[in-house]
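A.B. asks: I need the structure of the sequence given here:
(2 chains, ligands or ions: 4)
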Amino acid sequence: MPFEGLSERLQNVMNKIRGKGKVTEADVKEMMREVRLALLEADVNFKVVKDFVKRVSERAVGQEVLKSLTPGQQVIKVVKEELTELMGGEQSKIAVASRPPTVVMMVGLQGAGKTTTTGKLANLLRKRYNRKPLLVAADIYRPAAIKQLETLGKQLNMPVFSLGDQVSPVEIAKQALEKAKEEHYDYVLIDTAGRLHVDEALMDELKQMKEVAKPDEIFLVVDAMTGQDAVNVAQSFHEQLGITGVILTKLDGDTRGGAALSIRAVTNTPIKFVGMGEKLDALEPFHPERMASRILGMGDVLTLIEKAQAAVDEEKAKELEQKMRTATFTLDDFLEQLGQVRKLGPLDEILKMLPGVNKIKGLNNIQIDEKQISRVEAIIRSMTKEEKMHPEIINGSRKKRIAKGSGTSVQEVNRLLKQFDEMKKMMKMMTNMPKGKKRGFKFPFM
Amino acid sequence: MSFFKKLKEKITQQADSVTEKFKQGLTKTRDSFAGRVNDLIARYRKVDEEFFEELEEILISADVGVTTVMDLIDELKMEVKRRNIQDPKEMQEVISEKLVEIYRGDDEEYEKSAALNIQKDGLTVILFVGVNGVGKTTTIGKLAHKLKTEGKTVMLAAGDTFRAGAIEQLEVWGERVGAEVIKQSAGSDPAAVVYDAIQAAKARRVDVLLCDTAGRLQNKVNLMKELEKVKRVIEREVPGAPHEVLLVLDATTGQNAMSQAKIFKEATNVTGIVLTKLDGTAKGGIVLAIRNELHIPVKFVGLGEKMDDLQPFDPEKYVYGLFADLFEGKSEQ
Ligand SMILES: Nc1nc2c(ncn2[C@@H]2O[C@H](COP(=O)(O)OP(=O)(O)OP(=O)(O)O)[C@@H](O)[C@H]2O)c(=O)[nH]1
Ligand SMILES: Nc1nc2c(ncn2[C@@H]2O[C@H](COP(=O)(O)OP(=O)(O)OP(=O)(O)O)[C@@H](O)[C@H]2O)c(=O)[nH]1
Ligand SMILES: [Mg+2]
Ligand SMILES: [Mg+2]
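C.D. replies: Ligands and ions are numbered 1, 2, ... in the order given. This next block holds a predicted model:
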């Protein structure tokens, strides 16, 4: 996609702030402007965006961001938290009627994916919950709609109820239910024809079907690529039918999927599943957090920030910074730093979480040598206290002893000592930088 | 003659059923869209910052795209300064002018681009491409009907061998409009189906062959390769073909339509767009940016599910449809 994610968008603003060293309310306002643009480009409805930005602004100006040393990340964090919350928890459960069969109706615009999703749901119900569903072909309008569902039924080896295309959908629903009761099906999945939310006659037909079938669930099936109109569609279907859940299809594409937020905001009903492909097993539970990252075009950077936050002890970080300033950073401190990095988890996993990394040639298959880090740790652990404080005393025989103790080689010990020396030099340079340009101590991944 | 006068003349001259149909299709659109613009103009006495802010929202809600809208607003602001416009009523003309300008871009071929490239002699091959469920198969049915009423012989190739019921769906359309459908069994190679269809079309001296393909999301590399292969077969078998590659876009789609247009264009050199489902409340405003950036013209619009719900696209009418109330309101004064 040509669009920048929120992180990239915020970068410019953050650079400006860095120069000044202080965040003002005007800066926050500018950041909110970027939030707004990012959401609009992701197809979140403009009204929903308006409300959302207002909410986030309040929180941001309410000191959380103003006081932070990393305002950009704070904004992202606040935005994502609010977004995730708005999108609700994970709720991939399907209703179970106290007296079977449980009736599920699939509704939505033309081509959204109702028929395919009906097949997927049936598959899921049987596989995961060991249920016996009956598929009902109630689309009598679209050419070969019945044939389509029958083909899916055949692929699944499941029965499809059909009365052809000369019987009204209301009648079809009624007879399907009777059959399901007689033959002890525990789910009835009714596939309905696609229709416009403004088509009164066809919306009335759905209301009548609802009357007859008394569904336990009415799923609105929505194409994840839907634009600003998603609110009108969702609101209208919801007002007329009272939907109980949403299924978002075609999320295997490269759309940001802002429609998810729009729909959630106007219907306040849970998004239960997402369609991730055309095949019948491509139905997954909805993850609000992942969806939030996706809308913001961010990869899973938030998980990373959270992990870093959890792993890095603020106090220790400050202490380290102090040591760097006064150039009293020792190998012991280095060991400590390594430990903190490792607490984040496997490094290649961390890389994968970074947005954009998978697009960089050569980086997508990178293998971080975890063993290498263990060896470095082993080398440092094999040093005496004095050696760690004053590595310059490590001579040839000491090197041999350390290599032996750590199960490594003298060359490796040499390499580490050299690297550490260079690191200290760099720290010195950094701490000698003119005031103002100096940044707080940061780990390389932050 | 000013743009506005030219436009009005054109519209009044063509007070025919086509315009009516188009307007009907866009009624809901217009009601909400132009209604809001009118509202806006009535409420504002001055062309000020607030006016522009609301205009921005109206255009964004039509899926025009935030970058395009912001550029447009900037230009409008300059225009307002330049012409010293203070009365919001004067803005009606300027807004529509600019919208058509965005659509037209710097393309000199603009005037010609709406027509379908049908060969005078010999076989014309048209390939349909697009993501899932946008209306490819239905549009083929509608276009076949249209071509037949124009006296052409038409054949359909069932190139979607993947989706359940896709072949049968095309067969129903073939029966409806009276066109032969060339097919193989489900799961077979789409390139082979198209190859067969071309041979059949040549043998039967058919005028136009319309090739259906399975819906595919543009980020599926393998599926895009499959489509390239289908196109290569057409190129090889009929010199100069495919004469049109029509990308079908759903008007309900938001900004992702740009990505669709870009990637499908790269893969199959798309020559035109069919914008479907304009009978709903969505406006498909992203086609303005697509036309501007990628120079792909919209050739047809879909206004329903029936055979005759396909209309040629006319950008002036499209913009007019969005602003019809404004123009009519203005002419009374
Ligand atoms: N890639 C992808 N394609 C999907 C997904 N769900 C459905 N589709 C495809 O979208 C197209 C439309 O799906 P259908 O199930 O026919 O849609 P529908 O809502 O029943 O359509 P109508 O009955 O005409 O209103 C088909 O090509 C499906 O294969 C999905 O999650 N991912
Ligand atoms: N309201 C309306 N519905 C349309 C229009 N064009 C197509 N449809 C409907 O949209 C749905 C999908 O149309 P198809 O022609 O099957 O779409 P497709 O692109 O061939 O779908 P796949 O082959 O599954 O990718 C059907 O229910 C059509 O009747 C239109 O202009 N307006
Ligand atoms: Mg269907
Ligand atoms: Mg099709």
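A.B. asks: can you give me the helices in chain B?
C.D. replies: B:3-13, B:17-25, B:27-43, B:49-61, B:66-83, B:91-104, B:136-149, B:166-177, B:190-203, B:221-237, B:256-268, B:286-294, B:315-331 (DSSP state H).
A.B. asks: Next, format those as a markdown table and append mean neighbour count, mean pLDDT and distance to chain A.
C.D. replies: Backbone N, C-alpha and C define where each C-beta goes, glycine included. Formatted as a markdown table, the helices of chain B follow (neighbours: other C-beta atoms under 10 Å in any protein chain shown; pLDDT from 0 to 100; distance: least, C-beta to the nearest C-beta, whole Å):
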| stretch | mean neighbour count | mean pLDDT | distance to chain A |
| --- | --- | --- | --- |
| helix B:3-13 | 14 | 43 | 25 |
| helix B:17-25 | 16 | 47 | 11 |
| helix B:27-43 | 17 | 57 | 6 |
| helix B:49-61 | 18 | 83 | 5 |
| helix B:66-83 | 15 | 89 | 4 |
| helix B:91-104 | 19 | 82 | 17 |
| helix B:136-149 | 24 | 98 | 8 |
| helix B:166-177 | 21 | 97 | 4 |
| helix B:190-203 | 19 | 97 | 15 |
| helix B:221-237 | 16 | 95 | 10 |
| helix B:256-268 | 22 | 96 | 4 |
| helix B:286-294 | 22 | 90 | 7 |
| helix B:315-331 | 19 | 53 | 14 |
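A.B. asks: Out of these, which is closest to ligand 4?
C.D. replies: Nearest of these to ligand 4, taken as C-beta to the ion: helix B:136-149 at 3.3 Å.
A.B. asks: Pipe the helices of chain B into JSON lines and attach distance to residue A:219 per row.
C.D. replies: Listed next are those as JSON lines, based on distance: least, C-beta to C-beta, whole Å:
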{"stretch": "helix B:3-13", "distance to residue A:219": "43"}
{"stretch": "helix B:17-25", "distance to residue A:219": "29"}
{"stretch": "helix B:27-43", "distance to residue A:219": "25"}
{"stretch": "helix B:49-61", "distance to residue A:219": "26"}
{"stretch": "helix B:66-83", "distance to residue A:219": "31"}
{"stretch": "helix B:91-104", "distance to residue A:219": "38"}
{"stretch": "helix B:136-149", "distance to residue A:219": "24"}
{"stretch": "helix B:166-177", "distance to residue A:219": "23"}
{"stretch": "helix B:190-203", "distance to residue A:219": "32"}
{"stretch": "helix B:221-237", "distance to residue A:219": "27"}
{"stretch": "helix B:256-268", "distance to residue A:219": "22"}
{"stretch": "helix B:286-294", "distance to residue A:219": "27"}
{"stretch": "helix B:315-331", "distance to residue A:219": "33"}
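A.B. asks: if we compare the ones you listed, which one ends up closest to residue A:246?
C.D. replies: Nearest to residue A:246 among the helices of chain B is helix B:256-268; the distance by C-beta to C-beta comes to 18.3 Å.
A.B. asks: Could you list which residues are in contact with residue A:387?
C.D. replies: Contacts for residue A:387 were tallied using C-beta atoms under 8 Å, 6 or more residues apart in numbering or on different chains; they are A:331, A:393, A:394, A:398, A:402.
A.B. asks: picking up where we left off before, kindly present the helices of chain B as JSON lines, with separate columns for distance to ligand 2.
C.D. replies: Shown next, in JSON lines, are those (distance: least, C-beta to the nearest ligand atom, whole Å):
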{"stretch": "helix B:3-13", "distance to ligand 2": "23"}
{"stretch": "helix B:17-25", "distance to ligand 2": "9"}
{"stretch": "helix B:27-43", "distance to ligand 2": "12"}
{"stretch": "helix B:49-61", "distance to ligand 2": "20"}
{"stretch": "helix B:66-83", "distance to ligand 2": "24"}
{"stretch": "helix B:91-104", "distance to ligand 2": "20"}
{"stretch": "helix B:136-149", "distance to ligand 2": "3"}
{"stretch": "helix B:166-177", "distance to ligand 2": "6"}
{"stretch": "helix B:190-203", "distance to ligand 2": "12"}
{"stretch": "helix B:221-237", "distance to ligand 2": "11"}
{"stretch": "helix B:256-268", "distance to ligand 2": "12"}
{"stretch": "helix B:286-294", "distance to ligand 2": "14"}
{"stretch": "helix B:315-331", "distance to ligand 2": "15"}
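A.B. asks: Now neighbour count too, for the contacts of residue A:387, in a markdown table please.
C.D. replies: Rendered in a markdown table, the data for these read as follows (neighbours: other C-beta atoms under 10 Å in any protein chain shown):
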| residue | neighbour count |
| --- | --- |
| A:331 | 21 |
| A:393 | 10 |
| A:394 | 20 |
| A:398 | 15 |
| A:402 | 24 |
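A.B. asks: Max pairwise distance over these: which two?
C.D. replies: For those, with distances taken as C-beta to C-beta, the pair at the greatest spread is A:331 and A:398 (13.0 Å).
A.B. asks: got the contact list for the closest residue in space to residue B:211 that isn't next to it in sequence?
C.D. replies: Spatial nearest neighbour of residue B:211, excluding adjacent residues (C-beta to C-beta, 6 or more residues apart in numbering or on different chains): residue B:157 at 4.3 Å. If you count contacts by C-beta under 8 Å, 6+ apart, residue B:157 has them with B:181, B:182, B:183, B:193, B:194, B:196, B:197, B:198, B:209, B:210, B:211, B:212.
A.B. asks: Please name the nearest non-neighbouring residue to the third one.
C.D. replies: What it means is residue B:183. In space, residue B:183 is closest to residue B:158, 3.8 Å off (C-beta to C-beta, 6+ apart).
A.B. asks: Next, the buried residues of the longest helix seen in chain A.
C.D. replies: The single longest helix within chain A, with elements called by DSSP H, is helix A:410-431. Neighbour counts using 16 or more other C-beta atoms under 10 Å in any protein chain shown place A:412, A:413, A:416, A:417, A:420, A:424, A:427 of helix A:410-431 among the buried residues.
A.B. asks: confidence score at residue B:155?
C.D. replies: The score at residue B:155 is 98. That number is its pLDDT.
A.B. asks: just to revisit the earlier point, show me which of the contacts of residue A:387 is closest to residue A:61.
C.D. replies: Taking C-beta to C-beta as the measure, residue A:331 is the one of the contacts of residue A:387 closest to residue A:61, at 44.2 Å.
A.B. asks: hang on, that closest one packs against residue A:383?
C.D. replies: Yes - applying C-beta atoms under 8 Å, one finds residue A:331 in contact with residue A:383, separated by 6.6 Å.
A.B. asks: Would you mind listing the residues touching both of those two?
C.D. replies: Shared contacts of residue A:331 and residue A:383, defined by C-beta under 8 Å, 6+ apart, are found at residue A:391.
A.B. asks: ok, residue A:43 - contacts?
C.D. replies: Shown in contact with residue A:43 (C-beta under 8 Å, 6+ apart): A:225-228, A:230, A:255-259, A:262, B:63, B:254-256.
A.B. asks: Which pLDDT does the model give residue B:114?
C.D. replies: 72.
A.B. asks: any idea how far residue A:203 is from ligand 4?
C.D. replies: Separation of residue A:203 from ligand 4 (C-beta to the ion, to the nearest Å): 25 Å.
A.B. asks: Need the pLDDT of that residue.
C.D. replies: Each residue has a pLDDT score; the one for residue A:203 is 97.
A.B. asks: Tell me, how many residues neighbour the closest residue to residue A:111 other than its chain neighbours?
C.D. replies: Leaving aside its sequence neighbours, residue A:111 sits nearest to residue B:133 (C-beta to C-beta, 6+ apart; 3.0 Å). Other residues within reach of residue B:133, judged by other C-beta atoms under 10 Å in any protein chain shown, total 24.
A.B. asks: Isn't residue B:133 up against residue A:108?
C.D. replies: No - here residue B:133 does not reach residue A:108: they are 10.5 Å apart, not a contact under C-beta under 8 Å.
A.B. asks: Alright, calling it a day.
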